[in-house]
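>>> Provided below are the primary sequence and the corresponding predicted coordinates.
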Amino acid sequence: MSSKIMSLEEAAGLVRDGDRISFGGNVLHRAPMAMVREIARQRRRNLRIIKTAGAHDIDLLCAAGSVASVDAGFVSYETEFGLAMHYRKAVEGGQVIGNEHACYTVICSLRAAASGAPFMPVAGLKAGDLLQVADYFRVIQDPFGGEPVTVVKAIVPDIAVVHVQEADDLGNAVIHGPKFEDALISRAASKVIVTAEKIVPRSKIRMRPDQVDIPGFLVSAVVHAPRGAAPCSVEKAYDADTKAIERFKKLKAEEIDIYLNEYEMKDRGFKVGGLR
Amino acid sequence: MSSKIMSLEEAAGLVRDGDRISFGGNVLHRAPMAMVREIARQRRRNLRIIKTAGAHDIDLLCAAGSVASVDAGFVSYETEFGLAMHYRKAVEGGQVIGNEHACYTVICSLRAAASGAPFMPVAGLKAGDLLQVADYFRVIQDPFGGEPVTVVKAIVPDIAVVHVQEADDLGNAVIHGPKFEDALISRAASKVIVTAEKIVPRSKIRMRPDQVDIPGFLVSAVVHAPRGAAPCSVEKAYDADTKAIERFKKLKAEEIDIYLNEYEMKDRGFKVGGLR
Amino acid sequence: MNKSIGPRVCDIMVCAMARLLQDEDRVFHGVSSQMPMVAMALARHIHAPNLVHLNIPGGVNPASIKKPSYSSAGSELLATGEAYFPLEYVFDLSMRGGLDVAFLGGVQFDVAGNVNASVIGDYHKPKVRLPGGAGSAVLIPTAKRAIIWRTKHDKRTFVEKVDFVTTRGNLWKIVTNLCVFEFKNGSLYLDSIHPTSSLEEVAANTGFQLRYDEIRYTPLPTEREISMLRQIDPFDYRAKEM
Amino acid sequence: MNKSIGPRVCDIMVCAMARLLQDEDRVFHGVSSQMPMVAMALARHIHAPNLVHLNIPGGVNPASIKKPSYSSAGSELLATGEAYFPLEYVFDLSMRGGLDVAFLGGVQFDVAGNVNASVIGDYHKPKVRLPGGAGSAVLIPTAKRAIIWRTKHDKRTFVEKVDFVTTRGNLWKIVTNLCVFEFKNGSLYLDSIHPTSSLEEVAANTGFQLRYDEIRYTPLPTEREISMLRQIDPFDYRAKEM
C-alpha cells in the first residue's frame, strides 16, 4: 500500500476555493493550526467553515479574508483571551455569514452527512428565533404520530482537517486525550487531511488497531506537522501558547501576514524526505 | 459513591415481564449468556428483544418461552452450527413475532432512542416489501427538497444487558476487542446491566478513563460473571465452546431446563461477598 | 473566613451555584465555564458526592480541575476522570431527558426567560455578532434544570425583550454578580440578593421591573466551603471572569 | 494444481469472487461469510493490494484470517487489523456512497433481481422464518456493487418470483456452486458456468428460464491462486459451507 505523506503545502493544495471545510479540535485544543495558516498563506478564498466550537482557527481565516461563511455553535477564545474579534468584525461587516447553530446541531448535520441522510432530527431544538431565520432547520411531522420534530440539514464538508498526535503513512490516526468531533468529521467529509505530531511506523499502529480513531482508508493526505496545533494545545505534547495567542489578538487584519510569515518556516519545516 | 454490585439473581430481577430488552455482543461473540440463562430460569415472559445479530441468546429465550417479539437483522448461529431453530419454530408457530430489520435499521432505531428522537433516517432502505409490511418504517418527504427518505421508528429498550471483560463496582466498563453495538445500546436503554468477567478496582479504571466504553453513571447493576458469555466467546478470555453449542442445538424446547440447570451453579457462583 | 477581606462575589456566586446541585444530578458545563466547573467540584466535595460531572473533553467526574488555567475544556478533565463520555453523547443524553442540570452562558436575558447568545440587532445584518449559544439552544429546552451564570449584571444584559431568541425552555436560575433570579410562572423573579449588593443596585442594573415575593439574601459561603474552594481551586480560576 | 484431485467447487467460487474485486475497492463481508472473507484476502494478496477489507468486528485489513474457524466475525479480524472501523460506521459508509462492494447472502432470488432473506410464505404468518437479511436491505441498494454467494443452487433458491422482497438494488453478481449470474438490464443473466458443472445442470436447478448472451466458463483457479489459498486459509474454511 502506498504512502499518503505530503508536504503541508501540497496537502493544502487539496483545499479549493469555496470548499466546505471542517476542522478538528475544540476551541483552543488540537486545532490544526499549521494547516489553517498554510491555507491562509495560499490565499484560499470563500471557504465555508463547519465546526462545533472554534476559536483561533476561524478567527485567523476570517482575518486573512479566506472565509465566506461559518456554521458553528460557538466562536470565541476562552475567558481570559476574550472574543474572536476578526470573526466578529467580518460578520458585522457582512463579509462573512455567521450561521448560528447549537454545537449539537453541527454534530447532527455531520451525523446526517456521515450516514448519507439528507437531514437529522434534533430532539431538543424546540423554540426560538433560529427556527424562523435559519433555512437549515425545519419542523416536520413525526410520521409515527408523536410531536413535531425539528430536523437539521446535512452538511457534507468537502474536506476535513484533523491534527493528531500519531499517524502512520497510510493515514491511520491516533488521538490521545479528548477526541472531540474529529472522528465524526472524518466520516462526514468527502476528503480528509491528517496532520500529525509524529509519523509512526505502520507496525506500531498494528500493535493496537483498536486505538485508531481515523482509519487510513478515509484519509487523502498525511502531513508531518510537529507543533502543528500551536499556539493551541495538544494533549501530552504541549499546552496552549498564551503569549502567542495574546500577540495574535492584538494584530489588525492587515498585519496578519506578519504572523503567517513568522510561522512559515516552522510550519513547512523541510521538505518530505529531508530532516525536520 | 456507592457500589452497584449485585448477584446475578438480583440483577435479573430488574428485568420485568414485557420489557424491551437489548443484548450486547454479536452472534457467537460476547453475548451476555449468564444473564440470559438467569432470565430464563426466572421465567420472565413476553420479552421484546432488540439486537442487530443474535444467535444463542435469542434462541435460548425463545426455547424457554420468554419472548414475545424479536427485532433483529439476523438470527442464526454461524455456518457450521446452522439455524436458530427455536427462534424459527417460535415465529412459525406464531408465539413470537419476528420483526425483520436490517442490522442497520436496528442501529438507527437505537440511535434515535439514544438521541431522544422519535425516528431516524435510513438512507439506504429504498425498496422492497419491508416498507409495506413493517409499521416501524415510513417513507417521508425531505423538507429540504431532496428525494423522499425512509425513516425507522425509535426503539427505547427498557433494559440493556452487556457482558464485558472488566468493570469497576460503579459500572465503568471496558470492552477488549470488538465492541459491536454495546456502547450504543447502553445509551439507548433506560437501564443498563453490566456483567463482567472481572471486577477491577476503581483506581485501575481511573488509570485509563479513555478506555471506558460504558460510563458507570448509565449503569444500574454490575454483576461479577466469570465465563458469563459462555458458550459464546470473549476476546482474550475464552473461545466459543462449540461442543456446548452443539449439545444445546440438539435439545428440544422441553429439555431446556436441563441445560439451564447445568449452568445454574456456574452462573450464580457464590453470593456477593463470598468466594467465586 | 477572614472578615478583614470580606466575602468575594465570585465565592458567593460559586457557592450559590454549588448549592443548586443535588446528589446524583448529572450536570454539564461547557467552554469558558470556570465558575460552574468549580461549583460542580465543590458540590461533589460538600453535599453531592454522587453528582455526575460532565464536560466537553468528555471526562466523567474529574478528580482534579487544577490544571487547565485558561480553559474549562482542557484534557485534564478527561485524564483525571473515571470514564470517557464525549460531548456528542452528553448532548444526546440531554435530548433523551437524561441530563439534570446544564450550566450555560448567554449575553442577553429578558423578563420572559428568553436567552440571546447570538446577535444584537438583526440576525442577518447584526450590529454585534456574539460568540453563539454553544449548547444553549438544545440544552436549555431539554436539561431538567438550566442554570445561567453571568458576571456582568447590567441593563444591556437584563432587558425587557431580547434582540434575538436563541433559546428558551427549562431555564431555572440565573446567578449574577449581584443576585440570583429564578424563572417561574413565565417570568424572571428576584430570588436572592447577594449580601455584597442591594435591592437598589440590582434594580438600577436591571432593564426590567423587578418582581419578587420577598427580599432574601444569598447565604454567604461557609468556612467549610471557602476552605474547600481553596483546596479544589488553589489558583482561583473562579475569579477569572470577574 | 494436482489434477488427480481436480478443481474443487469451493476454490472455483472463491477465486471467482476474488476476481470480481478491484484494487482500492472498499469491500465488506458479514457473519457466516467465510468464503467472501477468504476471497477478499486472496484478492489482497494477488491483484488488489490496496483493497480495504471491512467486517463486523471492525478490523480494517486483517493480516490474518486463520483463527476464527466457526466465525467470520471473530476478534482476530480486529486484533490483526490496521485500524478499528466498527460495523455501524461500515453501514454509514455504504449509506453515503462510500462502499464499493458488499458480499451478502440470501435464500431466494428471482429473475428480476429481487432478494429474499426473510420468510417463505406470508410475512406475518410465515411458513418458514429465515435468518433475516442482516445488512442486505440497506447494503444491496447502496453498495456500488453487491455480490451474493450461495453454495446451494436449486430450484427453491432461484425462482421466478421470490416470496418476499427483502431488498433489491445494486445487485451485480451471484456466485453459486454451479455458475455465476450477472444482473443487468433488469434480469439475471447466466454469466459463466463453472467447469465442474454444465449448462444442463444449471438449467435443471434454476427455477426460471436461463438467459445468456453466450456460453462462457468460469476460469479455473490458477496454481498461484491455489497455493496462495493454502497459505491464507490453511484450515480450509472456504470449504465449510459446501
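That came in fine, so what should we check first? Residues are numbered from 1 along each chain as shown, chains lettered A, B, ... in the order given.
>>> so who does residue 174 touch?
Using chain A here. By C-beta atoms under 8 Å, 6 or more residues apart in numbering or on different chains, residue A:174 lies in contact with A:164, A:165, A:166, A:167, A:205, A:211, A:212, A:213. Quick note: C-beta positions are derived from backbone N, CA and C, even for glycine.
>>> meant chain C, my bad for not saying
Residues in contact with residue C:174 (C-beta under 8 Å, 6+ apart) are C:109, C:147, C:148, C:149, C:150, C:180, C:181, C:183, C:188.
>>> Select from those every entry located in strands.
C:109, C:147, C:148, C:149, C:150, C:180, C:181, C:183, C:188 (DSSP state E).
>>> okay if I get those as JSON lines plus neighbour count, distance to residue A:171 and pLDDT?
Converted to JSON lines, the ones in strands among the contacts of residue C:174 look like this (neighbours: other C-beta atoms under 10 Å in any protein chain shown; distance: C-beta to C-beta, whole Å; pLDDT from 0 to 100):
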{"residue": "C:109", "neighbour count": "27", "distance to residue A:171": "46", "pLDDT": "97"}
{"residue": "C:147", "neighbour count": "24", "distance to residue A:171": "43", "pLDDT": "98"}
{"residue": "C:148", "neighbour count": "23", "distance to residue A:171": "42", "pLDDT": "97"}
{"residue": "C:149", "neighbour count": "24", "distance to residue A:171": "42", "pLDDT": "97"}
{"residue": "C:150", "neighbour count": "22", "distance to residue A:171": "44", "pLDDT": "96"}
{"residue": "C:180", "neighbour count": "23", "distance to residue A:171": "51", "pLDDT": "98"}
{"residue": "C:181", "neighbour count": "30", "distance to residue A:171": "51", "pLDDT": "98"}
{"residue": "C:183", "neighbour count": "22", "distance to residue A:171": "49", "pLDDT": "98"}
{"residue": "C:188", "neighbour count": "23", "distance to residue A:171": "52", "pLDDT": "98"}
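>>> Which of those residues sits closest to residue B:200?
Nearest to residue B:200 among those: residue C:147, at 35.3 Å, using C-beta to C-beta.
>>> Would you mind naming the residues that bridge with the closest one?
residue C:103, residue C:173 (DSSP bridges).
>>> The lengthiest helix in chain C close to chain A?
Criterion DSSP state H: the longest helix present in chain C is helix C:34-46. Yes: Helix C:34-46 is in contact with chain A by C-beta under 8 Å from any C-beta of the partner chain, via residue C:34.
>>> And the average pLDDT for that helix is what?
Helix C:34-46 carries an average pLDDT of 97.
>>> anything in the following helix or strand past that helix near chain B?
Note on helix C:34-46: by DSSP states H and E, the next helix or strand toward the C-terminus is strand C:52-54. Yes: Strand C:52-54 comes into contact with chain B (C-beta under 8 Å from any C-beta), by way of residue C:52.
>>> Show me what strand C:52-54 is packed against.
In terms of contacts (3 or more C-beta pairs under 8 Å, 6 or more residues apart in numbering or on different chains; DSSP states H and E), strand C:52-54 is packed against strand C:26-29, helix C:34-46, strand C:59-60.
>>> again, only using 6 Å
Helices and strands touching strand C:52-54, as assessed by 3 or more C-beta pairs under 6 Å, 6 or more residues apart in numbering or on different chains; DSSP states H and E, are absent.
>>> Name the residues of the stretch 1-150 of chain A found near chain C, please.
With C-beta under 6 Å from any C-beta of the partner chain as the criterion, the stretch 1-150 of chain A comes near chain C at residues A:26-28, A:53, A:73-76, A:78-80, A:88, A:91-92, A:98, A:100, A:102-104, A:107, A:123-129, A:133.
>>> Just the ones of those residues in strands?
Mapping the residues of the stretch 1-150 of chain A next to chain C onto strands (DSSP E) picks out A:53, A:73, A:74, A:75, A:98, A:100.
>>> before we move on, back to that, give me the distance from the longest helix of chain C to the chain's centre.
Remark: helix C:34-46 is offset 11 Å from the chain centroid, using C-alpha atoms, centre = their mean, to the nearest Å.
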